[in-house]
Structure formats: C-alpha cells, structure tokens
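Visitor: Sharing a model prediction with you, sequence too.
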Amino acid sequence: MSRAPFIKSFGYAFSGIAQTFREGRNFKVQLGFAVAAIALGFAFRIEPHEWLAVILCMGCVLGGECVNTSIEAVVDLVSPDYHELAKRAKDCAAAGVLVCSIAAVIVEAIIILPKVFSLFS
C-alpha cells in the first residue's frame with residue numbers, strides 16, 4: 001500500500017484550512033480569539049491540564065468553522081437559489097459553531113477568572 005495517497009490527504013486538509021481562512025471572516029475572528037486565549041494562558045501561567053482544555057476548545061471551534069464552511073459550500077452548490085431548507089441547513093451549521101464558541105468562552109473563563117480575581121485580593 002502506497003503512502004502517497006495518505007500524504008496527499010494532508011495536503012487536501014491543509015488546502016481546506018486555507019480555503020476556510022480565505023472565505024470565512026468568522027474563521028479569522030475565531031483564530032483571533034484562539035490567539036488571545038493562548039496569550040492569556042501564558043500570561044496567567046495556566047496548568048498543563050488547563051492547556052489541554054483550552055487547546056481542545058480551540059480545535060473544536062476552528063474545526064467546527066471548517067465544517068460550517070463546507071456545509072455552506074455544498075448547500076450553495078445544490079441550492080443556488082434561496083430555499084428555506086438551504087437556509088435551515090446553513091443556520092444550523094452556524095449554530096453548531098456558536099455552541100462550541102460559547103462553551104470555549106465558558107471554559108476559558110473558568111480557567112482565567114479565578115487567576116484574575118486573585119490579582120485583586
């Protein structure tokens with residue numbers, strides 16, 4: 001079995017990330033929040049297990065944004081004109097990213113806020 005198709009699949013995946021970055025303003029915003037979360041993690045010297053939670057949340061949000069972008073592309077392909085079901089599919093995909101984003105913010109707040117409060121006490 002050749003490794004070439006397996007290696008090529010990474011190229012396709014990185015191409016998908018680049019495409020999502022180019023097409024999606026939201027991906028850039030989410031990436032900005034990820035950078036901010038990393039900066040806060042370093043600033044407050046979070047523990048290794050806290051880093052795991054932050055990284056997992058970042059991966060879920062950014063991965064969700066990639067899935068959302070792909071769903072929007074497929075919906076646009078099969079339904080170029082407005083259709084209520086197309087709108088529903090796009091809205092639900094966007095909602096999935098929103099749910100992941102809210103969870104990520106809550107996780108980051110649980111990790112960072114006690115450290116912020118300890119600075120003032």
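Guide: That came in fine, so what should we check first? Please read these numbers as outputs of a predicted model, since none were measured by experiment.
Visitor: List the buried residues for stretch 11-27?
Guide: 20, 24, 26-27 (16 or more other CB atoms under 10 Å). Backbone N, C-alpha and C define where each C-beta goes, glycine included.
Visitor: Let me have the residues you listed in a markdown table, extended by secondary structure.
Guide: A markdown table is the format used below for the buried residues of stretch 11-27 (DSSP: H, G, I helix; E, B strand; the rest coil):
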| residue | secondary structure |
| --- | --- |
| T20 | helix |
| G24 | coil |
| N26 | helix |
| F27 | helix |
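Visitor: Which members of those residues define the maximum pairwise distance?
Guide: T20 and N26 (9.2 Å; CB to CB).
Visitor: Residues that sit against both of the two, list them.
Guide: E65 (CB atoms under 8 Å, 6 or more residues apart in numbering).
Visitor: Same list (the buried residues of stretch 11-27) but as a markdown table, adding distance to F33 and pLDDT.
Guide: Shown next, in a markdown table, are the buried residues of stretch 11-27 (distance: CB to CB, whole Å; pLDDT from 0 to 100):
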| residue | distance to F33 | pLDDT |
| --- | --- | --- |
| T20 | 15 | 95 |
| G24 | 14 | 80 |
| N26 | 10 | 93 |
| F27 | 11 | 95 |
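Visitor: Let me know the closest of those to A109.
Guide: Within those, the smallest distance to A109 is 20.7 Å, found for N26 (CB to CB).
Visitor: OK, contacts around that closest one?
Guide: Contacts of N26 (CB under 8 Å, 6+ apart): 65, 68, 97.
Visitor: Enumerate the positions of stretch 97-105 that are buried.
Guide: Applying 16+ other CB under 10 Å to stretch 97-105 flags 97, 100-101, 104 as buried.
Visitor: One more: stretch 57-77?
Guide: For stretch 57-77, a neighbour-count test (16+ other CB under 10 Å) marks 57-58, 60-62, 64-66, 68-69, 71-72, 75 as buried.
Visitor: All set, thanks.
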